[in-house]
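**Student:** need a 3D model of the following:
(3 chains)
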Amino acid sequence: MNSLKNKNNYTVLDIYNILYNSFGPQGWWPGESKFEILVGAILTQNTTWKNVEKSITNLKKRNLMSFEMILNLDEKDLAMVIKSSGFYNQKAMRLKNILLEIKSKYGSFEDFLKIEKDDARKFLLSQKGIGKETADSIILYAMEKPAFVVDAYTFRIFKRFGFNTDMDYELIKNKVEEYLNGDVKKLKEFHALLVELAKTYCKKVPKCDNCPLEPFCEKNV
DNA sequence: ACCCAGGTGGCCC
DNA sequence: GGGCCACATGGG
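**Tutor:** As a prediction, the model looks like this:
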């Protein structure tokens, strides 16, 4: 038990391989810089990426896509620039605050990126507006250190694949990191592949035709 | 007119 | 430690 195997003895590594062979490399995270990835990770909370792209374009158009520029930007102005991402008042306040904390604790964004991943996770999780998923997204895609990102799709897909349903975030994260040998490239791909699978086939109301996991799936969960 | 999206925090019990 | 709610835009 707790080994990320389903009844047919398929492991999480089998899912990874099936998805990779079906969808190919996803090349996540889309973004021109590590700072842009951090911004995107916060803006995309419970929001479609399309809406976040508009905000990112907006920031770039105004030459605001940098640590120092957002740090010094008025919160109300920031809120208007990122409006399309939804929850813009919250996100503006929290994003500014996170940058402020990085500045005061680490001096610069570059120095923050160099810190050890356990310290980074502890720091990120202590920030308002950064939960586990966002913290691990930043560690994996911006800092490029091993961390598996568990989102709502991951829980759903793992349940349908027949893994234990009583797994919590940390357990799934630790096990997947173990199965993928802490390989950053694979961890990046895996989360992206699960999102792609979910978007294409594995919504709350599943569309299972041609789904590569269909033979292994328990649809009624 | 609903329902959902690459969540999080606060409050209740 | 779970169940609800606010936060808000934009697309199906």
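**Student:** next SSE after the least confident helix or strand in chain A by mean pLDDT?
**Tutor:** When each helix and strand of chain A is scored by mean pLDDT, DSSP states H and E, helix A:152-160 comes last, with a mean of 91. Downstream of helix A:152-160, the next assigned helix or strand under DSSP states H and E is helix A:169-179.
**Student:** helices or strands up against that next one?
**Tutor:** Helices and strands touching helix A:169-179, by 3 or more Cβ pairs under 8 Å, 6 or more residues apart in numbering; DSSP states H and E, are helix A:12-23, helix A:132-137, helix A:152-160, helix A:184-200. Every residue, glycine included, has its C-beta placed from N, CA and C.
**Student:** just confirm yes or no for the second one near DNA strand C.
**Tutor:** In other words, helix A:132-137. No - figure legend: helix A:132-137 not in contact with DNA strand C (Cβ under 7 Å from any atom of the strand); closest approach 12.7 Å.
**Student:** alpha carbons of that helix, as PDB, please.
**Tutor:** The C-alpha trace of helix A:132-137 is given here as PDB (Å, rounded to 0.1, in the frame of the first residue of the first chain):
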ATOM      1  CA  LYS A 132       1.700  23.800  -1.700                       C
ATOM      2  CA  GLU A 133       0.900  23.700  -5.400                       C
ATOM      3  CA  THR A 134       2.200  27.200  -6.000                       C
ATOM      4  CA  ALA A 135       5.200  26.700  -3.800                       C
ATOM      5  CA  ASP A 136       6.200  23.500  -5.700                       C
ATOM      6  CA  SER A 137       5.500  25.100  -9.100                       C
END
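**Student:** right, is that helix up against DNA strand B?
**Tutor:** Yes - Helix A:132-137 comes into contact with DNA strand B (Cβ under 7 Å from any atom of the strand), by way of A:132, A:133, A:134, A:135, A:137.
**Student:** near DNA strand C, which residues of chain A are found?
**Tutor:** A:46-48, A:50-51, A:54, A:83-84, A:86-91, A:168.
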